[in-house]
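A.B. asks: I need the structure of the sequence given here:
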Amino acid sequence: MPGTVADALTLDSRFRLRNVHRAQWTNLEMLLTDQAVDDLAVAVRAFVAAGSSAVACIFDDNHLWASMVITVDKSGGGATVSTLDGPAAEAGGEMSKAAGEAVRWVQTHYGPCSLGFFVTKEHAQALLCASDKAAAIRSASAAGGLVLSPIPPALAIALA
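C.D. replies: Here you go, the predicted structure:
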């Protein structure tokens with residue numbers, strides 16, 4: 001059993017870690033269980049196109065609490081995992097505005113961003129515990145606790 005999220009992700013040869021913000025990563029480790037890491041790997045395979053990135057940010061009290069940027073290589077066989085950095089890491093305030101800034105940062109530093117997933121800590125915790133992930137995502141969206149932008153067609157279909 002891996003000891004940390006980093007260990008779990010690097011056990012899957014698909015993931016490599018780079019440029020990880022320690023505080024954000026520590027917060028992710030509080031949320032991501034071994035099962036959640038497995039779910040993350042499945043979601044990356046299903047929803048992040050080869051040659052693009054996904055960014056997931058968790059907000060607590062309108063402040064960025066944790067982030068994860070996953071960049072899939074052009075072959076689709078490998079991915080790097082990092083966190084937001086610089087001004088994007090200090091995002092706060094209204095989640096949709098911070099989401100737009102985070103996506104722009106990812107596009108500047110990592111290239112095309114095919115998925116942006118921005119959620120409140122409360123809804124992130126509920127999603128990670130839910131057996132029906134699609135229902136938990138719809139619930140977070142209905143409550144105003146989720147911004148999905150950009151959203152890949154496959155995920156839009158899965159949530160319909």
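
A.B. asks: in what helix or strand does the most centrally placed residue in the chain lie?
C.D. replies: Most central in the chain under CA atoms, centre = their mean is Ala56, positioned 2.4 Å from the mean C-alpha point. Counting by DSSP states H and E, the secondary-structure element that holds Ala56 is strand 53-60.

A.B. asks: any idea of the mean pLDDT in the helix or strand following that strand?
C.D. replies: Note on strand 53-60: by DSSP H and E, the next helix or strand toward the C-terminus is strand 63-72. Per-residue pLDDT over strand 63-72 has a mean of 89.

A.B. asks: mind saving the C-alpha coords of strand 63-72 as CSV?
C.D. replies: Once side chains and other backbone atoms are set aside, the C-alpha atoms of strand 63-72 remain, and they are given as CSV (Å, rounded to 0.1, in the frame of the first residue of the first chain):
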residue,chain,number,x,y,z
HIS,A,63,-9.2,30.5,-1.4
LEU,A,64,-7.3,28.0,-3.4
TRP,A,65,-6.7,25.1,-1.1
ALA,A,66,-5.2,22.5,-3.4
SER,A,67,-4.5,22.0,-7.1
MET,A,68,-3.4,19.3,-9.5
VAL,A,69,-2.3,19.8,-13.1
ILE,A,70,-2.1,16.6,-15.1
THR,A,71,-0.5,16.7,-18.5
VAL,A,72,-0.9,13.7,-20.8
